[in-house]
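K.L.:
Have a look at this fold, sequence not included:
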């Protein structure tokens, strides 16, 4: 199967995810700085989630740029990724409203962990379908580091909620910075 339909469908779903996230933002109820401060955690969580969705969109594009065909298993692997990404607006809203509560913050981390695992599975599947397993770097250090740190963030969030978002921000910075080896491939 040609990859064009997969790209178009994925772009549409990702655009909807971003739209749902922004619709969940609540404006302050008045014009005071105190009211603005009360909605700031939700806005910061939205910013982090927007960055994560952007990272997945950019990496999805880069991944599909290196393949020529997608098989049925690749379609399902892509839907698996989109399923976990579609839960980002929900956990963003919940963790944004409860930034110091262990369970919402930990669940946010669980969803990021599952997005990461599903992206690795998609990369692997597309590599198999295109006989390009070595050129699609699903086993790279950034992926391995992500799994370890997302798991750590979940556990730490259950103990002390603010530690999870710190790890999430660090991982976002890691993924924003381009990997020179991958960009030359």
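P.N.:
Ah, there it is. All values derive from a computational prediction rather than experimental measurement.

K.L.:
Leaving aside the residues adjacent along the chain, what's closest to the residue nearest to the spatial centre of the chain?
P.N.:
For the chain, residue 52 is the residue whose C-alpha lies nearest the centre (C-alpha atoms, centre = their mean; 4.3 Å). Ranked by C-beta to C-beta, 6 or more residues apart in numbering and with sequence neighbours excluded, the top spatial neighbour of residue 52 is residue 172, at 6.2 Å. C-betas here are computed from N, CA, C, even on glycine.

K.L.:
Spell out the secondary structure type for the one you found.
P.N.:
Local secondary structure at residue 172 is given as helix here, using DSSP: H, G, I helix; E, B strand; the rest coil.

K.L.:
neighbours of it, just the number please.
P.N.:
Per other C-beta atoms under 10 Å, the neighbour tally for residue 172 reads 18.

K.L.:
Next up, the contacts around it.
P.N.:
Neighbour list for residue 172: 48, 51, 52, 55 [criterion: C-beta atoms under 8 Å, 6 or more residues apart in numbering].

K.L.:
Relative to residue 113, which of these is nearest.
P.N.:
Looking at the contacts of residue 172 and their distance to residue 113, the nearest is residue 52, at 11.8 Å (C-beta to C-beta).

K.L.:
low-confidence ranges in this structure?
P.N.:
Regions of the chain meeting the criterion pLDDT under 70 cover residues 132-139, 178-185.

K.L.:
any idea which helix or strand comes after whichever helix in it runs longest?
P.N.:
For the chain, the helix that runs over the most residues, judged by DSSP state H, is helix 33-65. Next helix or strand after helix 33-65 toward the C-terminus (DSSP states H and E): helix 72-86.

K.L.:
Quick check: buried residues in the host helix or strand of residue 96?
P.N.:
Applying DSSP H and E as the criterion places residue 96 in helix 88-97. Under the neighbour-count criterion of 16 or more other C-beta atoms under 10 Å, helix 88-97 has 88, 89, 91, 92, 93, 94, 95, 96 buried.

K.L.:
Can you report how many residues lie near the nearest residue to the fifth one once chain neighbours are set aside?
P.N.:
Using C-beta to C-beta, 6+ apart and skipping the chain neighbours, the partner closest in space to residue 93 is residue 24 (4.3 Å). Residue 24 has 18 neighbours, counted by other C-beta under 10 Å.

K.L.:
Now residue 24: phi and psi?
P.N.:
Taking degrees, to the nearest 10, you get phi -80, psi -10 for the backbone angles of residue 24.

K.L.:
one step back: list the buried ones in the longest helix of the chain?
P.N.:
Buried residues in helix 33-65 (16+ other C-beta under 10 Å): 39, 41-42, 45-46, 48-53, 55-57, 59-60, 63-64.
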